[in-house]
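# the following comprises the amino acid sequence and a computationally predicted model.
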Amino acid sequence: MPELTRGDVWKAIAGENFMVIGMVSARGQARTAGVMHFVEDECLWFTTILDEWKARHISANPSVSVTVPIAKRIPFVPWVKIPAATITFAGEAHIVPVDQLSGAATRALLEGLDLGDESERGGLVAVRVRPTGDFVTYGVGVSVLGMRDTELARGRVPVAPGRAPALV
């Protein structure tokens, strides 16, 4: 198991711009969506339209799961397919008015977007995801060859400082 710190995990998450968020609909059905995210203050942020299904599902049930894929490549041999490393965690998601985003989050998430149509469809909102429990990793902090050894490639880091990771 790699010796990862919370800081290592947050750095890896911040180094990516794509995540998959899993939600449960009001009818109890599982749904996932790929979104582009921004990291700030140990939370992940993304935007959506208030009237769209992501916002409706999160409003009905703020418990979510997140997976951040991290591409792995062999230098000078890019045609060799390597599975992505991953960071997965549970979290609480909350809808936030987009005007409450920080300047850095606004630039990262909204710069270059044409926001004209969104106002007609219910308005743009931000979603804040605060991780809970443990970060569960695979292939983070290990070499591509190290990913072949599942014991070596798996990791678990507590989201909150000073807490031991849960045993699975």
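Sure thing, it's come through.

# for the chain, which segments count as strands?
18-24, 30-36, 38-40, 43-49, 63-70, 85-97, 124-138, 154-158 (DSSP state E).

# these into TSV, with extra columns for distance to residue 55?
The C-beta positions use only the backbone N, C-alpha and C, and glycine is treated the same way. Listed next are the strands of the chain as TSV, based on distance: least, C-beta to C-beta, whole Å:
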stretch	distance to residue 55
strand 18-24	10
strand 30-36	11
strand 38-40	17
strand 43-49	5
strand 63-70	12
strand 85-97	6
strand 124-138	6
strand 154-158	29
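
# those strands into a markdown table, with extra columns for mean neighbour count and mean pLDDT?
Below are these laid out as a markdown table (neighbours: other C-beta atoms under 10 Å; pLDDT from 0 to 100):
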| stretch | mean neighbour count | mean pLDDT |
| --- | --- | --- |
| strand 18-24 | 18 | 97 |
| strand 30-36 | 14 | 96 |
| strand 38-40 | 19 | 96 |
| strand 43-49 | 22 | 96 |
| strand 63-70 | 19 | 97 |
| strand 85-97 | 18 | 97 |
| strand 124-138 | 20 | 96 |
| strand 154-158 | 19 | 94 |
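
# residue 11: which of these is closest?
Among those, the nearest to residue 11 by C-beta to C-beta is strand 38-40 (9.2 Å).

# off-centre distance for the closest one?
Relative to its parent chain, strand 38-40 has a centroid offset of 10 Å by C-alpha atoms, centre = their mean, to the nearest Å.

# check what pLDDT residue 168 gets.
Confidence at residue 168, expressed as pLDDT, is 55.

# same question for residue 142.
Reading off the model, residue 142 has pLDDT 91.

# ok, it to residue 19 distance?
Distance of residue 142 to residue 19, given as C-beta to C-beta, to the nearest Å: 21 Å.
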